[in-house]
Each structure stands twice: as C-alpha cells, then as structure tokens.
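[1] Here is a sequence together with a model predicted from it:
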Amino acid sequence: MGHLWRQWLGAIVFYTTLPLPRSWAIELAGIARWCPWVGLGLGLLLAAINWGLAGLGFTDHLRAVAVVGAWVWFTGGLHLDGAMDTADGLAVLDPSQRLVVMADSRTGAFGVMAAILILGLKVTALAVLAAPGFWALGLVMAWGRWGQVWAIACYPYLKAEGKGAFHKTTCQFPQDFGPGILVLLLVMAYPLTQTLTVWPALLCLFGLGLLVSFGLGAWLDQKLGGHTGDTYGAIVEWTEAILLGCLTLPYFQF
C-alpha cells in the first residue's frame with residue numbers, strides 16, 4: 001500500500017500544480033495508471049469552483065472563463081503545451097521534420113490556433129452546462145487521461161528522452177488499465193443513481209468516449225509513427241474539449 005500511495009502522490013506532483021509537503025515521499029515510476037483518478041480529482045475541484053462562482057452571481061461566461069483559467073493553472077499548462085507543440089509539428093509537410101518542430105520551444109501559428117480552439121470550446125461548453133458541472137468536468141478529465149494511458153500502452157515512444165519517456169519504460173500493462181477502468185465505470189454510472197432510464201444515452205456516451213480517446217491516439221500514431229509526451233498532452237486536451245462540447249447536446253442532458 002505504501003508503494004501505491006507514493007505513486008499516487010507522484011502522479012499529483014507530476015500532473016498538477018497542487019502543493020504537497022516536501023517531506024512526503026513520492027514515486028514517479030508507473031504513475032500513468034493514476035492519470036484518470038487525477039483527472040477525476042481535478043474535475044471535482046474545478047466543479048466546486050464553478051459552483052462557488054455561480055453562487056456568487058457570476059454570469060455564465062465569466063464563470064466559464066474563470067474555471068478554464070483555473071483548469072490551466074492546476075495542470076500547469078502541461079497538456080495544453082503538448083497540444084500546441086503537436087499542432088505545430090503536424091503542420092509541417094515533411095514528416096521527417098515533425099518531431100524537430102515539436103521539440104522547438106517556440107510556439108508557431110498552428111500551436112496558437114490549437115490553443116484558441118481548445119480553450120474556446122471549453123469556455124463555450126461550460127457556459128452552456130449547468131453551473132455545478134460536477135459530473136461533466138470529472139467525466140471529461142478522466143476520459144482524457146484514459147486516452148493517454150491507452151496511447152502509452154499501445155504505441156511506441158519516439159524520443160529517447162523527454163517528459164513522457166519514463167511512462168513507457170516504467171508502466172506495466174495490462175494491469176495499469178485497472179485503476180482507469182474503475183474510475184471510468186464509477187463516474188459513468190453516476191447518472192444511473194438518479195434514474196435508470198438514461199442507460200441508452202450513457203452507453204452511447206461511453207462509445208463516444210472510446211471513439212474519441214482511442215481514435216486520437218491511433219490518428220497521431222499514423223501521422224508520426226508513434227507518440228511523445230507532447231502527443232500524450234494533445235490526446236488529453238482534445239478529448240476533454242470534444243467530450244465537453246458533446247455533453248451540451250440535449251441527448252446527454254442527464
């Protein structure tokens with residue numbers, strides 16, 4: 001249990017900017033398994049902020065901007081930076097130069113456009129969703145990180161070094177899928193506690209989550225021949241944004 005606890009703390013330190021006492025021992029090897037749980041925790045924290053701002057009388061759009069700003073703050077922009085670098089790399093016509101461009105610390109026009117699209121979609125969707133958004137935020141953030149775990153397991157890592165390299169070398173599959181599957185089942189089942197009649201829509205939403213998270217990983221692998229830490233971040237960000245947008249559809253109003 002001590003080993004798993006240190007991994008959990010390591011996941012919080014690596015994937016978030018949440019402060020932990022420096023005296024607490026952490027372990028980074030194998031933390032990918034806890035990504036979806038970190039996402040759920042962050043989603044609940046953001047939902048609490050969302051609820052508080054709504055209670056203070058913030059308009060829907062101001063509330064949405066503030067929550068998305070906190071979203072970036074609590075993740076340190078880690079995944080958003082990866083999505084921006086990935087967009088810059090994919091914009092290069094020569095496939096052999098894509099990884100070189102992605103490694104460049106300078107942000108290009110396509111990276112900026114990707115960030116605007118992702119943040120704009122999240123703000124717009126949050127402004128439409130009900131103010132608390134506990135379930136929606138926890139769901140999309142868990143799904144985004146599940147897509148990352150899948151990409152780590154299924155595709156080669158393209159760089160000898162980098163922030164994401166140790167994920168591939170230290171993770172153990174298929175057992176590392178367990179925690180992520182559990183959290184997805186728990187969060188997907190929540191609407192059933194209100195009424196059982198929503199199960200067809202939930203089943204459809206589950207299929208949509210699989211399609212988006214798996215599809216993005218496969219598409220990026222096809223474009224690059226594998227994955228890097230940047231593409232892991234891109235999967236997280238685009239899965240979150242797409243699913244959050246889909247949750248505004250009337251069919252998914254649970």
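    Yep, it's here. These numbers come from a predicted model, not from an experiment.
[2] Contact partners for the nearest residue to residue 237 once chain neighbours are set aside?
    Spatial nearest neighbour of residue 237, chain neighbours left out: residue 83 (4.1 Å); criterion: C-beta to C-beta, 6 or more residues apart in numbering. Bear in mind the C-beta positions are built from the backbone N, C-alpha and C, glycine included. Shown in contact with residue 83 (C-beta atoms under 8 Å, 6 or more residues apart in numbering): 111, 114, 115, 118, 230, 233, 234, 236, 237, 238.
[3] try 7 Å this time
    By C-beta atoms under 7 Å, 6 or more residues apart in numbering, residue 83 lies in contact with 114, 118, 233, 234, 237, 238.
[4] Compare those and tell me which is most surrounded.
    The most crowded member of these, judged by other C-beta atoms under 10 Å, is residue 234 (32 neighbours).
[5] Phi and psi next, for that one.
    Main-chain torsions, residue 234, degrees, to the nearest 10: phi -60, psi -40.
[6] pull the CA atoms of the least confident helix or strand in the chain by mean pLDDT into PDB?
    Taking mean pLDDT, DSSP states H and E as the measure, the chain has helix 165-170 as its least confident helix or strand, at a mean of 78. Taking only C-alpha atoms (Å, rounded to 0.1, in the frame of the first residue of the first chain), the coordinates of helix 165-170 have been written out as PDB:
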ATOM      1  CA  ALA A 165       9.700   8.700 -21.800                       C
ATOM      2  CA  PHE A 166       9.600   7.200 -18.400                       C
ATOM      3  CA  HIS A 167       5.900   6.500 -18.700                       C
ATOM      4  CA  LYS A 168       6.600   3.900 -21.500                       C
ATOM      5  CA  THR A 169       9.500   2.300 -19.700                       C
ATOM      6  CA  THR A 170       8.000   2.000 -16.200                       C
END
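[7] For the longest helix seen in the chain, list every residue counted as buried.
    In the chain, with assignment by DSSP state H, the single longest helix is helix 199-224. Residues 202, 205, 208, 209, 212, 213, 214, 216, 217, 220, 221, 224 are the ones in helix 199-224 that count as buried (16 or more other C-beta atoms under 10 Å).
[8] what do you get for stretch 130-147?
    Buried-residue list, stretch 130-147, by 16+ other C-beta under 10 Å: 131, 133-147.
[9] Helices - which of these land there?
    Going by DSSP H, the helices hold 134-147 from the buried residues of stretch 130-147.
[10] Am I right that residue 237 sits in a strand?
    No. Counting by DSSP: H, G, I helix; E, B strand; the rest coil, residue 237 falls outside a strand, being helix.
[11] Report the separation between it and residue 214.
    Counting by C-beta to C-beta, to the nearest Å, the gap from residue 237 to residue 214 is 16 Å.
[12] okay, and for the chain, where does confidence drop off?
    The chain contains residues with pLDDT under 70 at 1, 131-133, 160, 162-163.
[13] Could I get the full set of strands for the protein?
    For the chain, applying DSSP state E gives no strands.
[14] those helices in it, which residues are they?
    Assigned by DSSP H, the chain shows helices spanning 2-15, 35-55, 60-75, 78-90, 98-103, 109-128, 134-154, 165-170, 177-189, 199-224, 229-246.
[15] Report the angle between the longest one and helix 229-246.
    Right, helix 199-224. Per axes from the mean of the first three to the mean of the last three C-alpha atoms, to 10 degrees, the angle that helix 199-224 makes with helix 229-246 is 150 degrees.
[16] circling back to that earlier point, out of the helices of the chain, nearest to residue 253?
    When the helices of the chain are compared by C-beta to C-beta, helix 199-224 sits nearest residue 253, at 8.8 Å.
[17] Residue 40 contacts residue 183, doesn't it?
    Yes. Applying C-beta atoms under 7 Å, one finds residue 40 in contact with residue 183, separated by 5.4 Å.
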